[in-house]
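> build the 3D model from these lines:
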Amino acid sequence: MNASTRSDYLKMANEIVQVILANLDRPLDFRDVADVVAMSPFHVHRVFSALAGESINEMHRRLRLERACYALKYSQEPVGEIALLAGYGSHESFVRGFKAVFSSTPSEARSDSRRDYHVRVSNGVHFFSGTRAVALKPAVVGDIQMEVNILENCESRRLAIVPHQGAYHLIGSAFEKLGGLASQNQLWGGSMIAIYYDSPELTAEPELRSAAGIEIMGDRPAPAGMDEVSLSGGRWACYRHVGPYSGLGDSWNKFSSWLVQNGYEFGMEPAYELYVNDCSRVAPHELLTDLYISVKP
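Numbering: from 1, shown residues only. As a prediction, this is how the structure comes out:
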């Protein structure tokens, strides 16, 4: 990894760790995290996950449980109060969450004098009582093997889009509307593209922004009922996902981690998917989807 990029990413990740540690008494406010980073929100949690080996929400949840385990061992607080402080609204959900992490129930942990209240992770971030300084160490991960193309001089793309707000997996409704408008206005011929603007880790699901788009050929403007956006040219990283769309999430995570591991710095452009073939004409295992992430020179 490029030393400067690594240093910048680690600095950002450690600032996020401090935000997490300062907010163990309440649900993590995504705006608190956004205030300490200067990066496209879509990439923040991917960079953090690549360095920490767990997502921002996973770390926040784990540290609250480590604190709960500490309280069980070293205090007489009722389990119900400890559960509420850990973010669980019921005894049952707390027991399930606790057991999934510590492989024992809260009652068993309270009576086990040898129980370590830390969960084994390689990033070095744990809950400690008092004011002990905590710093993230990059998690130990193996080399990611995948074929990524760094495209130095991509041309810009001009799209007619139908915006979508809400869960990313529901973007299909926007594509249905896009298909109707594309037929009415004879837009077929350009590539079909999905743009993602926000991070699911940092943005509440109802507020997630994305867009279903089709590339506009020639100089014609976007037709009525559609918005027009441009994706800038320049340096982009591209990875081709082969297979069902259900596997795209894993490919995005692996692709982002590969870029972090190999020292590339993310650009500010939103990431997007370009659908190479038609899902109505080929089998799911034959689907080809190109994933694009802008990277700085």
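> and the helix or strand harbouring residue 94, what does it pack onto?
For residue 94, the host element (DSSP states H and E) is helix 91-102. Judged by 3 or more CB pairs under 8 Å, 6 or more residues apart in numbering; DSSP states H and E, helix 91-102 is in contact with helix 56-74, helix 79-85, helix 106-111. The way it works is simple: take the backbone N, C-alpha and C, and place the C-beta from them, glycine included.
> most tightly packed of those?
Counting by mean count of other CB atoms under 10 Å, helix 56-74 has the highest mean neighbour count of the helices and strands packed on helix 91-102, with a mean of 21.
> the helices in this structure, which residues?
3-22, 30-34, 41-52, 56-74, 79-85, 91-102, 106-111, 172-184, 248-261 (DSSP state H).
> may I see the buried residues of stretch 184-198?
For stretch 184-198, a neighbour-count test (16 or more other CB atoms under 10 Å) marks 185, 187, 190, 192-198 as buried.
> among the residues you listed, which one sits closest to residue 176?
residue 192 (12.2 Å; CB to CB).
> for the closest one, give its distance to residue 213.
According to CB to CB, to the nearest Å, residue 192 stands 7 Å off from residue 213.
> hey, what's in contact with both of these two?
Residues touching both residue 192 and residue 213 by CB atoms under 8 Å, 6 or more residues apart in numbering: residue 178.
> wait, which of the helices of the chain is closest to residue 117?
helix 56-74 (3.8 Å).
> packing partners of the closest one?
By 3+ CB pairs under 8 Å, 6+ apart, helix 56-74 packs against helix 3-22, helix 41-52, helix 79-85, helix 91-102, helix 106-111.
> what about the buried residues of stretch 184-198, which are in strands?
In this view, those that belong to strands under DSSP state E are 192-196.
> from these, which is closest to residue 94?
The closest of those, once distances to residue 94 are taken by CB to CB, is residue 196, at 33.7 Å.
> so that closest one sits right up against residue 270, yeah?
Yes - if you go by CB atoms under 8 Å, residue 196 and residue 270 touch, sitting 6.1 Å apart.
> hang on, the earlier thing: dump the helices of the chain to CSV, plus distance to residue 209 and mean pLDDT.
Output for the helices of the chain, formatted as CSV (distance: least, CB to CB, whole Å; pLDDT from 0 to 100):
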stretch, distance to residue 209, mean pLDDT
helix 3-22, 22, 85
helix 30-34, 14, 71
helix 41-52, 10, 81
helix 56-74, 19, 94
helix 79-85, 33, 94
helix 91-102, 30, 94
helix 106-111, 39, 93
helix 172-184, 11, 94
helix 248-261, 16, 89
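> just put the ones you listed in a markdown table and tack on distance to residue 153.
Below are the helices of the chain laid out as a markdown table (distance: least, CB to CB, whole Å):
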| stretch | distance to residue 153 |
| --- | --- |
| helix 3-22 | 21 |
| helix 30-34 | 32 |
| helix 41-52 | 22 |
| helix 56-74 | 34 |
| helix 79-85 | 54 |
| helix 91-102 | 48 |
| helix 106-111 | 58 |
| helix 172-184 | 28 |
| helix 248-261 | 19 |
